[in-house]
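Q: Sequence plus the predicted model coming up.
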Amino acid sequence: MSTARVGVITFPGSLDDRDAARAVRLAEARAVPLWHADPDLHGVDAVILPGGFSYGDYLRAGAIARFAPVMQELIPAARAGLPVLGICNGFQVLCESHLLPGALIRNENLHFGCHDQRLRVENTETAWTSEYSPGQEVVIPVKNGEGRYVADAATLSELEREGRVVARYLGVNPNGSMNDIAGVTNEAGNVVGLMPHPEHAIEELTGPGTDGLPFFTSVLKRLVNA
């Protein structure tokens, strides 16, 4: 097993923190629980912000979690290069924290959606996607009510020009995201936000295959080679 320590934050209302921790363990790293009210990352090598409804999604999804004590250490650490993955609600928190551009708003059809979703991996240069092949098509579940990615025209143009769209929806766009965007990265490639849930696609027995597992093995490879 790798000696890498990957922190998984639990906010009030987190639903997928245990699933994310299990994915970390299946990738053969140590999952370290991090509590929202503890302003200490405890020396972890990477951090995952899991899906759920942090603080009940009051105000906006992720808006309150952005001010959690743990985020006061995470934000500068991410800007300094710490690998960070935000999944669904975690993606929303990263946008609210201005670690990623754009915003996630109510689905275009105003309905919560939950199904297995085809994606195309666009950027394999990030800390979380290096184990994929460019253009690889995968199936990973989506489950969200506020998953529609939006940004102004200048931001969208910048993301496309710099290759910072991590993944796109194929076939059905489940939430009306602009440019079919399912995930984006920051300029450095260490921070990634993804609306689908790779932690629910890590085993044949419990998910639609294992297409989500490379998100977790990729970061371990990055840490070993750092």
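A: That came in fine, so what should we check first? As the structure is a computational prediction, the values presented were derived from the model and not from experiment.
Q: Share the number of residues neighbouring Ser13, please.
A: Actually, residue 13 is Gly rather than Ser. 16 (other Cβ atoms under 10 Å). The C-beta positions use only the backbone N, C-alpha and C, and glycine is treated the same way.
Q: Local confidence estimate at it?
A: Predicted confidence (pLDDT) at Gly13: the value is 96.
Q: for Leu205, same thing?
A: 88.
Q: isn't there a helix covering it?
A: No. Assessed with DSSP: H, G, I helix; E, B strand; the rest coil, Leu205 is coil; it does not lie in a helix.
Q: show me what contacts it?
A: Shown in contact with Leu205 (Cβ atoms under 8 Å, 6 or more residues apart in numbering): no residues.
Q: Please enumerate the helices of the protein.
A: 17-26, 69-79, 89-96, 153-161, 213-225 (DSSP state H).
Q: Burial check on the nearest residue to Glu160 once chain neighbours are set aside, number of neighbours?
A: Excluding the flanking residues, the one nearest Glu160 by Cβ to Cβ, 6 or more residues apart in numbering is Asn179, at 7.0 Å. For Asn179, the neighbour count with other Cβ under 10 Å is 14.
Q: So Asn179 is in contact with Ser157, correct?
A: No. When contacts are counted by Cβ atoms under 8 Å, Asn179 is not listed as touching Ser157 (10.1 Å).
Q: Could you point out which of the helices of the chain sits nearest Ser54?
A: helix 89-96 (5.6 Å; Cβ to Cβ).
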